[in-house]
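Asker: Let's see this in three dimensions:
(one chain, ligands or ions: 3)
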Amino acid sequence: MRDYILLYVNGREQRISAAQAFQPASDYLRLDLGQCGTKVVCAEGDCGACSVMVGRLATEAGLEPGNELTYVPINSCIQYLYQLDCTHLITVEGLKFDGQLNPVQQSMVDSNGAQCGYCTPGFVVAMCGLANDLQSQQQCQGKTCYPSEKQVKDSLTGNLCRCTGYEAIINAGMAVDLGRYKSFSELYPDKEMVANFKAHAQNELMLKLGGRTAFNPTSLSSACKFLNEQEKVVIVSGGTDVSVNMNKRDLVPANVMSTAALPGLSELKVLDESGRKVLSVGAKVTLRQLENLMKDLVPEFHKILWVYGSPQIRHAGTLAGNIANGSPIADSTPFLFLMEAEIEVTGCGGVRKIPMAEFYKGYKQLSLHKDELITRILLPLPHANELVKLYKISRRQHLDISAFTAAIRISLKGNIIERAFVVFGGVGPVVMRCAAVEAALLGTTHELVTYEAAGKIAKEVITPITDVRGSRDFRLALAENILSKFYFETASNEREFACR
Ligand SMILES: Cc1cc2nc3c(=O)[nH]c(=O)nc-3n(C[C@H](O)[C@H](O)[C@H](O)COP(=O)(O)OP(=O)(O)OC[C@H]3O[C@@H](n4cnc5c(N)ncnc54)[C@H](O)[C@@H]3O)c2cc1C
Ligand code: FES
Ligand code: FES
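Answerer: Numbers count the residues shown, from 1 in each chain. Ligands and ions are numbered 1, 2, ... in the order given. Here you go, the predicted model:
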């Protein structure tokens, strides 16, 4: 058992004892290490001012620890230190090339990309993350090539600026010559770090401070035993929900258990189950890894993942965390209900699979036993001839929580509806399949009047509330009209099918 966190910051080894471990990385960087370039504004993942790069072993989807570090941008305000054991953080102070501003930093200066400068380190880190990614994908070394406007904008949806406006910042990103950009692995050769992480990762991490414990098990049996023996354990995967609750909602868990060191939970592959394609998503697979895969596999789900939080959130957050958080406005769960996914959970007694439809017992109440955690999600993929559409209604396109979600899946025989699945979120305490609407659609023709009639039934059977994201009437109108929208989007002869 190990009683300190091993972390590298800008290439330097840090050993962090329990006395410092129960804090967000942003506080540790600023207050304990004096690296004040990393800023904190919102402390809940919304502004990106605290962005840092994190390098981990095994962030490639589906792979267990490899021999090099993969770097992604994250929000350090919602990453507690125990989540970052055996990782390398690169802050804005660590981005210079040979003591000079790197091409992203220089481009921000040249393009007048900063005014008060408070948001600037976060923007610079996010753009360095993009440059690092593109440079490795496009093999730009030695050539002249620049990020596109779309690539820059996509990489910055998690960063807010309140004075400059975005034009100068986006121009700065587009003017970075990727051919002159050094990758993080060139800046920080990782052989020593990798060896150190591998040696440390074999020992479970257990930190105790006051009445609090943080535990990083290295086997599922150890994880289940801990869950069984300790009271009120909070499991942490990406921490994008848990850490916000700790920072903003006074959650002070006596016991936290991070899944970071658990083996075997990174699987992301399509299985063939008696002719049916089923995607197996390990509990540690990040939303970004899923987004990348879905681009070609199920573009409709990719559309939802692309507007999910921000790159920093998607690089940390997981599908398992979204499911277990149990929010009725979670963005991934309508698709899981639609496709009749199964949640694989592991406990002291072994493994069991829970159908999505039985996973929630009420608002944020899960069918998990005390000793169980989610280990995998089994997601059947749409058949090639099914019509599938997913909807997220929010005030902003990116980095916003949904007011209402819907998912509709139809199989046609000729023009007759043979199978119908209709799911709504944000209209009750849990995401719900709407049996009455499905029944109204079955056996009828795929034409506008059918969906208009089904919309009227939807309005009768849901019980939305009014809250800050939208009124009850707004949600009733959405549920009614989304069915007609589905019809208009799928009526064409040249239908865009959901699964390629
Ligand atoms: C700025 C911001 C933007 C966001 N935008 C969106 C959005 O657009 N759409 C959306 O749906 N959500 C959004 N979220 C919410 C959050 O990012 C997602 O719910 C995310 O999927 C949670 O995953 P995680 O791994 O970070 O979960 P965590 O925070 O680690 O955990 C969430 C919950 O799941 C439990 N848990 C985690 N892993 C397991 C496991 N393996 N087994 C059992 N229980 C487990 C935890 O105990 C906790 O209760 C946003 C959050 C933030 C901070
Ligand atoms: S301080 Fe705003 S995202 Fe971290
Ligand atoms: S430059 Fe002031 S907040 Fe962006």
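
Asker: Any residues of the chain in contact with ligand 3? List them.
Answerer: When proximity is defined as CB under 6 Å from any ligand atom, the chain approaches ligand 3 at 114-120, 161-164. Just so you know, the C-beta spots here come from the backbone N, C-alpha and C atoms, and that holds for glycine as well.

Asker: can you do 5 Å?
Answerer: 114-116, 118-119, 161-164 (CB under 5 Å from any ligand atom).

Asker: for the stretch 201-350 of the chain, what spans make up the strands?
Answerer: 205-209, 212-216, 233-236, 255-258, 268-273, 276-282, 342-347, 350-355 (DSSP state E, counting those that start in this stretch).

Asker: mind putting those strands in CSV, mean pLDDT and mean neighbour count included?
Answerer: Converted to CSV, the strands of the stretch 201-350 of the chain look like this (pLDDT from 0 to 100; neighbours: other CB atoms under 10 Å):
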stretch, mean pLDDT, mean neighbour count
strand 205-209, 97, 18
strand 212-216, 97, 21
strand 233-236, 98, 21
strand 255-258, 98, 22
strand 268-273, 94, 13
strand 276-282, 97, 19
strand 342-347, 98, 22
strand 350-355, 98, 13
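
Asker: Let's have those strands in TSV, adding distance to residue 246.
Answerer: Below are those laid out as TSV (distance: least, CB to CB, whole Å):
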stretch	distance to residue 246
strand 205-209	14
strand 212-216	11
strand 233-236	9
strand 255-258	9
strand 268-273	28
strand 276-282	25
strand 342-347	24
strand 350-355	27
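
Asker: of all the ones you listed, which lies closest to residue 435?
Answerer: Smallest distance to residue 435 across the strands of the stretch 201-350 of the chain (CB to CB): 14.9 Å, for strand 350-355.

Asker: And the residue of the stretch 401-500 of the chain that's closest to ligand 1?
Answerer: residue 401 (5.8 Å; CB to the nearest ligand atom).

Asker: make that the chain, sorry
Answerer: Counting by CB to the nearest ligand atom, the chain gets nearest ligand 1 through residue 321, at 2.2 Å.

Asker: what's the spacing between the closest residue to ligand 2 within the stretch 201-350 of the chain and residue 52?
Answerer: Ligand 2 sits closest to residue 312 of the stretch 201-350 of the chain, with a gap of 7.2 Å, by CB to the nearest ligand atom. Counting by CB to CB, to the nearest Å, the separation of residue 312 from residue 52 is 9 Å.

Asker: any residues touching stretch 240-249, and which ones?
Answerer: 24, 43-45, 75, 77-80, 234, 236, 251-253, 256, 309, 313, 316-317, 321, 325 (CB atoms under 8 Å, 6 or more residues apart in numbering).

Asker: about what we covered before: the residue of the stretch 401-500 of the chain closest to ligand 1 reaches residue 330, doesn't it?
Answerer: No - using CB atoms under 8 Å, residue 401 is not in contact with residue 330, being 9.3 Å away.

Asker: Which one's more surrounded, the two?
Answerer: Set residue 401 next to residue 330 and count neighbours by other CB atoms under 10 Å: residue 330 wins out with 24 against 16.

Asker: on that earlier part again, can you select the buried ones among the contacts of stretch 240-249 for me in PyMOL?
Answerer: What follows is the PyMOL syntax for the buried subset of the contacts of stretch 240-249, where burial is set by 16 or more other CB atoms under 10 Å:
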select buried, resi 24+43+44+45+75+77+78+79+80+234+236+253+256+309+313+316+317+321+325
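
Asker: Let me know the secondary structure of residue 392.
Answerer: Per DSSP: H, G, I helix; E, B strand; the rest coil, the secondary structure class of residue 392 is strand.

Asker: and residue 332, what does it touch?
Answerer: Counting by CB under 8 Å, 6+ apart, residue 332 has contacts 287, 304-305, 308, 319, 322-323.

Asker: quick check: domain ranges of this structure?
Answerer: Here the domain assignment for the chain is 4-93+189-258, 98-181, 387-490, based on automatic domain parsing.

Asker: For residue 283, find the nearest of these.
Answerer: domain 4-93+189-258 (6.6 Å).

Asker: near ligand 1, anything from that closest one?
Answerer: Yes - judged by CB under 5 Å from any ligand atom, domain 4-93+189-258 comes into contact with ligand 1 at 45-46, 234-242, 244.

Asker: what do you get for stretch 263-273?
Answerer: No - judged by CB under 5 Å from any ligand atom, stretch 263-273 makes no contact with ligand 1; its nearest approach is 7.6 Å.

Asker: let's number from 32 now, not from 1
Answerer: Sure, I'll start numbering at 32, so the last one becomes stretch 294-304.

Asker: who touches that stretch?
Answerer: So stretch 294-304 is contacted by 89, 92-95, 249-251, 290, 308-316, 320-321, 324, 328, 406-407, 409, 412 (CB under 8 Å, 6+ apart).

Asker: now, which of the residues you listed lie within helices?
Answerer: 251, 320-321, 324, 328 (DSSP state H).

Asker: Of those, which is the most crowded?
Answerer: residue 321 (25 neighbours).

Asker: And it, how close does it get to residue 251?
Answerer: Distance of residue 321 to residue 251, given as CB to CB: 22 Å.

Asker: rewinding a little: and the residues of the chain next to ligand 3, which of them are buried?
Answerer: 145, 149-150, 192, 195.

Asker: now, the most widely separated pair of those residues?
Answerer: Within these, 149 and 195 form the most distant pair, 10.5 Å apart (CB to CB).

Asker: okay if I get the domains of the chain as a markdown table plus distance to ligand 2?
Answerer: Formatted as a markdown table, the domains of the chain follow (distance: least, CB to the nearest ligand atom, whole Å):
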| stretch | distance to ligand 2 |
| --- | --- |
| domain 35-124+220-289 | 3 |
| domain 129-212 | 7 |
| domain 418-521 | 10 |
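
Asker: okay, these in CSV with distance to residue 399 next?
Answerer: Below are these laid out as CSV (distance: least, CB to CB, whole Å):
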stretch, distance to residue 399
domain 35-124+220-289, 9
domain 129-212, 30
domain 418-521, 15
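
Asker: so where's the chain uncertain?
Answerer: 89-96, 170, 172, 524-531 (pLDDT under 70).

Asker: Helix, strand, or coil at residue 184?
Answerer: helix.

Asker: wait, isn't it in contact with residue 201?
Answerer: Yes - if you go by CB under 8 Å, residue 184 and residue 201 touch, sitting 6.3 Å apart.

Asker: Could you list which residues are in contact with the closest residue to residue 501 other than its chain neighbours?
Answerer: Excluding its sequence neighbours, the residue lying closest to residue 501 (CB to CB, 6 or more residues apart in numbering) is residue 434, at 3.9 Å. Residues near residue 434 by CB under 8 Å, 6+ apart: 360, 424-426, 457, 500-501, 505-506.

Asker: Return the subset of the residues you listed lying in helices.
Answerer: Cross-referencing the contacts of residue 434 against helices under DSSP H gives 505-506.
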